[in-house]
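> Return atomic coordinates for the entry below.
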Amino acid sequence: EVQLEESGGGLVQAGGSLRLSCAASGITFDDYAIGWFRQAPGKERAGVSRISSSDGSTYYADSVKGRFTSSSDNDKNTGYLQVDSLKPEDTADYSCNAAGGWFDYWGQGTQVTVSS
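Take a look at the predicted model:
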């Protein structure tokens with residue numbers, strides 16, 4: 001059974017930082033691209049970042065460029081999203097996704113709340 005489990009969310013003041021983790025089991029991490037998505041109340045889920053676990057190439061949404069950094073540790077089967085300079089508009093439920101070939105897996109999400 002494939003499982004993705006996010007952790008690291010919480011309540012932080014504007015300007016603060018968090019490190020989100022996405023621990024995967026049941027898959028070989030370097031066969032997948034790891035994406036981070038977020039969904040704010042009343043809004044659609046939106047892509048935040050993506051990292052290829054095979055070559056480490058990254059993509060970021062314009063709204064988070066320069067503030068968020070995605071990484072992965074294939075030995076630990078874990079992806080990370082370092083979120084810095086947080087803004088109230090970053091408040092959302094953050095989920096990780098592992099996509100490869102025909103397969104697409106999601107975690108349950110971790111809540112990030114940024115106070116002004």
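> Now do the contacts for residue 8.
Listed by CB atoms under 8 Å, 6 or more residues apart in numbering, the contact set of residue 8 reads 18, 19, 20, 21, 110. Where C-beta positions appear, they are placed from N, C-alpha and C, glycine not excepted.
> Find the residue closest to it in space, skipping its chain neighbours.
Nearest non-adjacent residue to residue 8, counting by CB to CB, 6 or more residues apart in numbering: residue 20, 4.2 Å away.
> any idea which helix or strand carries the one you found?
strand 18-25 (DSSP states H and E).
> quick one: buried residues of that strand?
Buried residues in strand 18-25, counted by 16 or more other CB atoms under 10 Å: 18, 20, 21, 22, 23, 24.
> Can you name the next helix or strand after that strand?
The helix or strand immediately downstream of strand 18-25 is strand 33-39, counting by DSSP H and E.
> gap between that following strand and the chain center?
Taking CA atoms, centre = their mean, to the nearest Å, one finds the center of strand 33-39 at 5 Å from the center of the full chain.
> Starting from it, tell me which strands it pairs with and how they run.
If you go by DSSP bridges, strand 33-39 pairs up with strand 46-52 (antiparallel), strand 92-100 (antiparallel).
> Of the buried residues of strand 18-25, which is the nearest to residue 50?
Distance to residue 50 across the buried residues of strand 18-25 (CB to CB) is lowest for residue 22, with 12.2 Å.
> Need the distance between the two termini of stretch 50-59.
Start and end residues of stretch 50-59 are separated by 5 Å (CA to CA, to the nearest Å).
> go on, stretch 58-72?
First-to-last residue span, stretch 58-72, CA to CA: 11 Å.
> For the residue nearest the centre of the chain, give the beta-bridge partners.
Residue closest to the mean C-alpha point of the chain, counted by CA atoms, centre = their mean, is residue 36 at 3.2 Å. Counting by DSSP bridges, residue 36 is bridged to residue 49, residue 96.
> show me what contacts it?
Neighbour list for residue 36: 20, 22, 47-50, 68, 70, 79, 81, 94-97 [criterion: CB under 8 Å, 6+ apart].
> And for residue 79?
So residue 79 contacts 21-22, 24, 29, 34, 36, 51, 53, 70-73, 96 (CB under 8 Å, 6+ apart).
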